[in-house]
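S.K.: this one's structure only:
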């Protein structure tokens, strides 16, 4: 006799299984009901008849009463028949969970990923070739937030970003098995560039090639963390593929000595803009920085970057973030007229300022730069008296030598 455990291994793992036929009927949990005509194809007397050995199996991915079920692999399969109806609900509220039976009638899946720590019920019916029907159901609870980890990531599916944008994951728990988690995320590029992951601490994992991404290439990340034990016994819950596109190449270089920024697109100089970088007291970081955020207007308060009451400007126009610690390239409408014009001296508290007007509606250098930039574009600062920006201060891993970046992966 086929046992529930054997059937489960043939189907989706631990599952609710129903096998029907003239000779065999087993189930591994759930409320099962149905009807059949009981015909065996003959009387069975004197060896003149034949007995049907056809078996129909309904397999539900999570065993009835189980806890810690996956939020990704939920589904129903049938062998020896076709599914006629599958209904999934949130057990506590009865709210329906949308899903669809496949065109061949052999499987069913929900339309969306399930929620963590939620109790669900699946009820399924199927019919075999002889018209007999059976039903199976399972009530189970998905893995809880306490017992699982998830990584928020950028870029998002379908976006277009600049050549400097890394793939970056931030996990909601400290990862204890760094190698296991990294090995279950694969990032590839249509350009053929080798892409390697590097850990910054126990919760951030970035991927990049040795040089900037090739313009126009397509990058694909395959996340296969579902069930991976990586955070003090907690398991991953993500299983998906995400693709994004690399746009044109734009790299802008800020020269502190001349207080100018040269914008180069696809290898050709596009424009040279006068800027005002950090003052001698509040210098601007050196190094390669990546635009990680664009804001038409934002408030900048010096208290958020530990500069006491140096400034509080509620409507800074055309702001583009370069570091997580607060370095921006932005419009400046409050520039002191007593100072020399833009392009002569640094007067900011470390940001790269461009001439602008209040409200940001004018035809200004700041507006032009904002309109011509995208998330992932590179801004390089050279000649500053400050240190080089830290690789994990924003999406600025390009400042780490490739040998050091890959050494982390090798270990």
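M.R.: Done, it's in. Please read these numbers as outputs of a predicted model, since none were measured by experiment. Numbering: from 1, shown residues only.
S.K.: which residues touch stretch 93-105?
M.R.: Identification of contacts with stretch 93-105 by Cβ atoms under 8 Å, 6 or more residues apart in numbering yields 78, 82-84, 86-90, 107-112, 114, 120. All C-beta spots, glycine's among them, are computed from the backbone N, C-alpha and C.
S.K.: what's the straight distance from one end of it to the other?
M.R.: For stretch 93-105, the first and last residues are 28 Å from each other (Cα to Cα, to the nearest Å).
S.K.: let me see the mean pLDDT of that stretch.
M.R.: Averaging pLDDT along stretch 93-105 yields 97.
S.K.: can you list the domains in the protein?
M.R.: The record assigns the chain these domain ranges, following automatic domain parsing: 4-141, 148-247, 250-399.
S.K.: which one of the ones you listed lies closest to residue 407?
M.R.: Each of the domains of the chain has some distance to residue 407 by Cβ to Cβ; the shortest is domain 148-247, at 9.0 Å.
S.K.: re the thing from before, among the contacts of stretch 93-105, name the ones in strands.
M.R.: 78, 82-84, 86-90, 107-110, 120 (DSSP state E).
S.K.: want to throw the residues you listed into TSV with neighbour count and distance to residue 389?
M.R.: TSV is the format used below for these (neighbours: other Cβ atoms under 10 Å; distance: Cβ to Cβ, whole Å):
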residue	neighbour count	distance to residue 389
78	27	57
82	15	60
83	20	56
84	14	61
86	22	53
87	14	55
88	24	49
89	16	51
90	15	47
107	17	51
108	23	51
109	18	45
110	19	44
120	23	47
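S.K.: what ranges do the strands span in the stretch 301-411 of the chain?
M.R.: Per DSSP state E, counting those that start in this stretch, the stretch 301-411 of the chain carries strands over the ranges 312-321, 328-332, 352-355, 378-382.
S.K.: no no, the stretch 1-150 of the chain
M.R.: 16-20, 26-27, 34-35, 56-60, 76-79, 82-90, 96-97, 99-101, 107-110, 119-127, 133-141, 148-149.
S.K.: redo the ones you listed as TSV? Include distance to residue 288.
M.R.: Converted to TSV, the strands of the stretch 1-150 of the chain look like this (distance: least, Cβ to Cβ, whole Å):
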stretch	distance to residue 288
strand 16-20	55
strand 26-27	61
strand 34-35	65
strand 56-60	52
strand 76-79	50
strand 82-90	48
strand 96-97	46
strand 99-101	46
strand 107-110	43
strand 119-127	47
strand 133-141	47
strand 148-149	31
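S.K.: and those strands, which one is worst for confidence?
M.R.: strand 26-27 (a mean of 33).
S.K.: distance to residue 247 for the strands of the stretch 301-411 of the chain - can I get that in JSON lines?
M.R.: JSON lines is the format used below for the strands of the stretch 301-411 of the chain (distance: least, Cβ to Cβ, whole Å):
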{"stretch": "strand 312-321", "distance to residue 247": "15"}
{"stretch": "strand 328-332", "distance to residue 247": "18"}
{"stretch": "strand 352-355", "distance to residue 247": "21"}
{"stretch": "strand 378-382", "distance to residue 247": "12"}
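S.K.: among those, show the one with the smallest mean pLDDT.
M.R.: Mean pLDDT is lowest for strand 312-321 among the strands of the stretch 301-411 of the chain, at a mean of 93.
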